Each structure stands twice: as C-alpha cells, then as structure tokens.
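Novice: Quick one, fold the following:
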Amino acid sequence: MRLPVAIKIEKLNAKNIEEDEKLLHNNLIAFGVTLALSLIWLRFVGYAVIKGWISSTISRKVIHIGTGPLFVVCWLLFDEALSARYLAAIVPLISTLQFGLAGLGLIRDRASVESMSRTGKRTELLRGPFLYGLVFIAVTLLFWKSSTVGISALMILCGGDGLADIFGKRFGKSPLPWSKKKTYAGSLAMLVGGFSLSLFINWIFFVAGILPIDWIRFVPDLLIVSFVATLVESFSLSDIDNLTVPIAVIVTGIFLHL
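Specialist: Below is the predicted model:
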C-alpha cells in the first residue's frame, strides 16, 4: 500500500513531465516558424538577385539588416524552457553551415553566392556571412532574450554596420582621418542606425513583458555603446567588423550594466 505522500509526489512528477512536454512542443513549433521565416526571407532575396530585381551589393545589405531583427523578434515565440535558446540557435546554425559548405564548394548554392558576395566568388561566404552567423549563434546561447546586451549587440551589428556601408558609399564625401576607406556619412549612419534599431527591438521586448528596462538610464548608456561600436567599426577591416562590432557592444554593455 502506497503512502499518501508517495502518491502526491507521483502526481507532482507527472504534472511536471506534462508541463515540460507542453513547453517542448510549443518551442518546437516556434523553432519551425522561425526556421521557415528565415529560409523564406533568404531565398526571396536570393531569388530577387538572380532575377535582377536588386543588385548583389544591395542584397548583401538587405540580408545583413533584415535577417537579424526577424530572427530576434521570433524569440518571443519561444517559452522559457531550458531547451528554448538551443532550439532557436539551430536556425542560424543551419544558415552558417550552409554558407560554410557553399563557400568551400561542397554544395552548390547559387542564390547565396549571388546575394551575399561582392564579386560572385563563393569563398566570400567564408568571411562576412560566416562570421555573421557565428555571432548570432553565440549571442543566442549566451544572452538569449533576458539581456539587453545581447539584443543590442545583434541589432547594432544589423542596423548600424549595414547602413554604414550603404550611406558611406552613397553620401560619403569626406573620409575619416584615421581610416581613408570610411567616411563621416557612413559612421553617422552606423551610429544612428545601430542605436535606433537596438532601441526599437529592446522596446518590443519591454512591451512584451520580457525585459524590465529603466529607460532613463538605458537610453544614454545605449548611446554610449553605439558610439563605441561606431568607433570600432571605423577601424575594422572589411567583414571582420561582423565580429569586432558585437564584441565591442558586449564588452561596453557589460561594463555599463546595460
């Protein structure tokens, strides 16, 4: 004959197992939706390049700017189970592996090569796009949606670094004294774009009740972080800024308790 305490423990364990299964089921659905949206977005941009609707130069920046916010906002679909961040990280992992295999020539992926390379060479996927993917995997695993630092690092990389190249080439007339390939227009776009996109995505998580943010302190700190990232980007080599910019944001953000 079982004791009442044992029966209660069995019921509690069964309830916990049921709740864990429900969370896993919800997160698997969230993973499927996130993966589908990401692949559709990348394929659409690649198709647009092949069709000649946009140039490969523009497509690189469209992907650079748009992919990150789409992926990060999809974090809101996930529950708080331990498995959530790992499932979410599989999405950029798949894309990163795809870039790596295509860059090495182990698979044929014309759409990715055309939309993400400057010269049409597959080996370019092993630099900027590959590092971009690695950063998203690392930040997803290390910070997840409970940190403004992680979200800010990704959004400054997307909005700031992405716009810097576009505005720098279009409006940049005066090069920076310490970096002749970078311009004041590009750096200003980096600062404004990174700060604005980071502020907007963090605000979404605040409204969703995920992040408690003290806006009086957060806004000026985010501006400082964005300025440091802009300064780092102005010194960084091409493609390597996909790594140096988020590292600068993370280090400065942690120091300021962003």
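Novice: Would you mind measuring from the spatially closest residue to Thr34 that is not a sequence neighbour to Leu35?
Specialist: Nearest non-adjacent residue to Thr34, counting by C-beta to C-beta, 6 or more residues apart in numbering: Cys74, 4.1 Å away. The way it works is simple: take the backbone N, C-alpha and C, and place the C-beta from them, glycine included. As for Cys74, its distance to Leu35 is 9 Å (criterion: C-beta to C-beta, to the nearest Å).
Novice: Can you check which residues contact both of the two?
Specialist: Val91 (C-beta atoms under 8 Å, 6 or more residues apart in numbering).
Novice: On the three-state scheme, the residue nearest to Thr34 is what?
Specialist: Recorded secondary structure, Cys74: helix (DSSP: H, G, I helix; E, B strand; the rest coil).
Novice: Make 589 the starting number, not 1.
Specialist: Okay, residue one is now 589; in that scheme the one you just asked about reads as Cys662.
Novice: Compute the distance between it and Ala676, please.
Specialist: Distance, Cys662 to Ala676, using C-beta to C-beta: 8 Å.
Novice: returning to what we had before: Leu625 is in contact with the residue nearest to Thr622, correct?
Specialist: Yes. Counting by C-beta atoms under 8 Å, Cys662 does reach Leu625; the two are 6.6 Å apart.
Novice: I'd like the average pLDDT over the helix or strand His613 falls within.
Specialist: Here His613, judged by DSSP states H and E, is contained in helix 592-638. Helix 592-638 shows a mean pLDDT of 69.
Novice: One more: stretch 752-770?
Specialist: Per-residue scores along stretch 752-770 average to 80.
Novice: do stretch 651-661 as well
Specialist: Stretch 651-661 shows a mean pLDDT of 89.
Novice: CA atoms of it as PDB?
Specialist: C-alpha atoms of stretch 651-661 as PDB (Å, rounded to 0.1, in the frame of the first residue of the first chain):
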ATOM      1  CA  ILE A 651      20.100  40.500 -45.700                       C
ATOM      2  CA  HIS A 652      22.500  42.000 -43.200                       C
ATOM      3  CA  ILE A 653      20.000  44.500 -41.900                       C
ATOM      4  CA  GLY A 654      16.800  42.400 -42.100                       C
ATOM      5  CA  THR A 655      17.800  38.900 -41.100                       C
ATOM      6  CA  GLY A 656      18.800  39.800 -37.500                       C
ATOM      7  CA  PRO A 657      15.600  41.700 -36.400                       C
ATOM      8  CA  LEU A 658      13.400  39.000 -38.000                       C
ATOM      9  CA  PHE A 659      15.200  36.200 -36.100                       C
ATOM     10  CA  VAL A 660      15.400  38.100 -32.700                       C
ATOM     11  CA  VAL A 661      11.700  39.100 -32.800                       C
END
